[in-house]
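Enquirer: generate coordinates for the sequence data below:
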Amino acid sequence: MQSYDRFKTLESDTFDVIVVGAGIGGLTAAATLANRGKQVLVLDMHYEMGGCATVFHRKGKDYEFDVGLHYIGDCGKEGLIPRILRGAGIDDGEINFIEQDPEGFETLCFPDFQFAVPRGYERFRERLIEAFPKEKSGINRYFKMLQQVWDFMGIHSRPLSALWVLPRSWMLMRHSKSTVAQFLDTCTQDQRLRAILTGQLGVYHQPPSRATMAGHAAVVNHFLQGSYYPSGGGQMFSDKLGAVVERNGGKILLRSKVERILVEKGRAVGVEFSNKHLGKRTVRADAVICNADIKHTLLDLIGRDHLKAKTVGKAECFEMSPAMGVVYLGIDMDLKAMGLKNTNYRIYPGCDYERAYREVFAGQFPDEPHLFIGNATMKDPDNPAIAPPGIYNLQLMSAVPSNPESWGVTQAEVADGSYRNNPAYLAKKEWYARQLIALAERVIPGMSEHIVYQEVSTPFSVTRFIGSAGGTSYGLAFTPEYFLHNRPGTKTEIRNLFLCGASTRTGHGIFGAMTGGVEAAAAVDGRKLRYQIMDVGTRAEAQVSA
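Expert: Prediction:
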């Protein structure tokens, strides 16, 4: 296999397309265009490409932890993820998708009951009706909304389907700006049922009173197609996409910080960046795709002088999604023998999700946080890099405040990096880890006595490596005010400058970012590209029997 330098050399100053940011959205756009003959340059400030779709190693290479890909939906052979990958030049079989337990890929754990969310629209609905027979009418209404959102999503790749989809989408039209709580008020008042229906809110980190219902339905639909994990972790996506760029004559240059997008007469013509080995360089292209943080892109890279005052005002007031804290663990217990399954465990203190988020929004750590337990060893059992033999690799995650003061440091310390050695910060990280570990023992009793490796990631880690505002991995807040056409689109008011990433219209997460990458590539190369890749054929009709 040919080796490519990604740090020190750049042999050309002109390209067809420059992609700023090697997150999964930018890489998808870059590979898709490179696969169609475009000469692409990808620039990123990190030493690894992939953004949140990366892994990191500890204790030599004894442990491998995934940064942001913990599970992903719709990876069956004709799912949208394989379609996007094929469109980017990655053949079927290059990435092996391992499905989580189809009888319960999410296990919602409450103080007095559990509920396993199964794969498939009908199976999930039937299980809910079995548990809540008196709520059948409301449950059916909820699933009718899911179906209408699913059909509406198909218009994106098959515009003519709008002729028959829109007349049947009255519920979606009526509740297009509703929150999840507002819509559920029309379905049920049963608190347990409502808690189950919103039990995946950690995927978008907003409580029912604030989350967009249409967006919530899109998330649920995505995972009801099946929940998967790529063998080898999230880095597999990034490595395969990067390889497509390079074998098609493109260039990936890491440790390269873009300082300015060059705009001439209202048109993007290139970028200016700095690199340790190359110094400050200017490169030009016919088109620029930006996958960087949305606020940084608009206010700093483009600059206020090149944007309308209204755009600048909006950008200054953008509300970002909450950030996460992650506790990475190695534990010497046989969890499979203990009866644990290949499922995501979500632990909640009760059926009211509002309190914990109120505390996070107020800059406080919740007294009773919501906990997500990801079990990498269960998800990818044949990967020897995950942990030493006999050790299980776990990630414990929860929404946390991102203001420095909550972590015992100042903004100045965060800016210069000295926060990492602040005793108050280190103590807060240890306190946070103990809090989540104690919660996890509801599912894994005694695990605190079997920890052989522990590390904590905070919002500042995310900002340091990928530059996201407030340390969020989820971009703009997942609320009706920032949904669909209220989010930035692919095209900008600067000609030949296009956007992708977690804050754009296609949404956050691996799926949203990859879809946004396709959109950006189509904006450069023509919308036929989108239809060729994203056309889902008859899958909308197949949803009910999934």
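Enquirer: any idea which residue is closest to the centre of this structure?
Expert: residue 509 (1.8 Å; C-alpha atoms, centre = their mean).
Enquirer: now that residue: closest residue in space that isn't a chain neighbour?
Expert: Residue nearest to residue 509 in three dimensions, not counting chain neighbours: residue 203, with 6.9 Å by C-beta to C-beta, 6 or more residues apart in numbering. Heads up, the C-betas are built off the backbone N, CA and C, glycines and all.
Enquirer: for that neighbour, phi and psi?
Expert: Residue 203 adopts backbone torsions of phi -70, psi -20, taken as degrees, to the nearest 10.
Enquirer: isn't it up against residue 507?
Expert: No. Residue 203 is beyond contact range of residue 507, at 10.4 Å (criterion: C-beta atoms under 8 Å).
Enquirer: residue contacts, the residue nearest to residue 509?
Expert: Contact analysis of residue 203 by C-beta atoms under 8 Å, 6 or more residues apart in numbering lists 219, 223, 509.
Enquirer: what about the residue nearest to the centre of the chain, distance to residue 202?
Expert: Residue 509 is 11 Å from residue 202, where distance means C-beta to C-beta, to the nearest Å.
Enquirer: do residue 258 as well
Expert: For residue 258, the distance to residue 202 equals 32 Å [C-beta to C-beta].
Enquirer: next one: residue 267
Expert: 41 Å.
Enquirer: and what of residue 457?
Expert: From residue 457 across to residue 202, the span is 16 Å (C-beta to C-beta).
Enquirer: one more: residue 68?
Expert: With distances taken as C-beta to C-beta, residue 68 is found 13 Å from residue 202.
Enquirer: please apply the same query to residue 162.
Expert: To residue 202, residue 162 is 33 Å away according to C-beta to C-beta.
Enquirer: please say which of those two ends up with more neighbours.
Expert: residue 202 (20 against 15; other C-beta atoms under 10 Å).
Enquirer: next one: phi and psi at the closest residue to the more buried one other than its chain neighbours?
Expert: Nearest residue to residue 202 in three dimensions, chain neighbours excluded: residue 372, at 5.2 Å (C-beta to C-beta, 6+ apart). Torsion angles at residue 372 (phi, psi; degrees, to the nearest 10) stand at phi -110, psi 130.
Enquirer: hang on, residue 372 packs against residue 343?
Expert: No. The criterion here is C-beta under 8 Å, and residue 372 misses it with residue 343 at 11.4 Å.
Enquirer: please compute how far the helix or strand containing residue 515 lies from its chain's middle.
Expert: For residue 515, the element it lies in under DSSP states H and E is helix 509-525. With C-alpha atoms, centre = their mean, to the nearest Å as the basis, helix 509-525 stands 13 Å off its chain's centre.
Enquirer: report all helices and strands that the next helix or strand after it contacts.
Expert: Going down the chain from helix 509-525, the next helix or strand is helix 528-534, by DSSP H and E. If you count contacts as 3 or more C-beta pairs under 8 Å, 6 or more residues apart in numbering; DSSP states H and E, helix 528-534 packs onto helix 80-87, helix 509-525.
Enquirer: most packed of the ones you listed?
Expert: Highest mean neighbour count among the helices and strands packed on helix 528-534 (mean count of other C-beta atoms under 10 Å): helix 509-525, with a mean of 26.
Enquirer: pLDDT of it, averaged?
Expert: Mean per-residue pLDDT for helix 509-525: 95.
Enquirer: what angle separates that helix from helix 80-87?
Expert: For helix 509-525 against helix 80-87, the angle by axes from the mean of the first three to the mean of the last three C-alpha atoms, to 10 degrees is 40 degrees.
Enquirer: for helix 509-525, list the C-alpha coordinates in PDB.
Expert: What follows is helix 509-525, C-alpha atoms only, in PDB (Å, rounded to 0.1, in the frame of the first residue of the first chain):
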ATOM      1  CA  GLY A 509     -24.200  12.800  14.200                       C
ATOM      2  CA  ILE A 510     -22.300  10.600  11.800                       C
ATOM      3  CA  PHE A 511     -25.300  10.100   9.500                       C
ATOM      4  CA  GLY A 512     -26.200  13.800   9.400                       C
ATOM      5  CA  ALA A 513     -22.600  14.900   8.800                       C
ATOM      6  CA  MET A 514     -22.100  12.300   6.000                       C
ATOM      7  CA  THR A 515     -25.400  13.300   4.400                       C
ATOM      8  CA  GLY A 516     -24.300  16.900   4.600                       C
ATOM      9  CA  GLY A 517     -21.000  15.900   2.900                       C
ATOM     10  CA  VAL A 518     -23.000  14.500   0.000                       C
ATOM     11  CA  GLU A 519     -25.000  17.700  -0.200                       C
ATOM     12  CA  ALA A 520     -21.800  19.800  -0.400                       C
ATOM     13  CA  ALA A 521     -20.400  17.500  -3.100                       C
ATOM     14  CA  ALA A 522     -23.600  17.900  -5.100                       C
ATOM     15  CA  ALA A 523     -23.500  21.700  -4.700                       C
ATOM     16  CA  VAL A 524     -20.100  21.600  -6.400                       C
ATOM     17  CA  ASP A 525     -20.700  18.800  -9.000                       C
END
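Enquirer: name the helices or strands packed onto that helix?
Expert: helix 24-34, strand 72-73, helix 80-87, strand 279-290, strand 497-499, helix 528-534.
Enquirer: circling back to that earlier point, against residue 176, how distant is the residue nearest to the centre of the chain?
Expert: Taken as C-beta to C-beta, the span from residue 509 to residue 176 is 21 Å.
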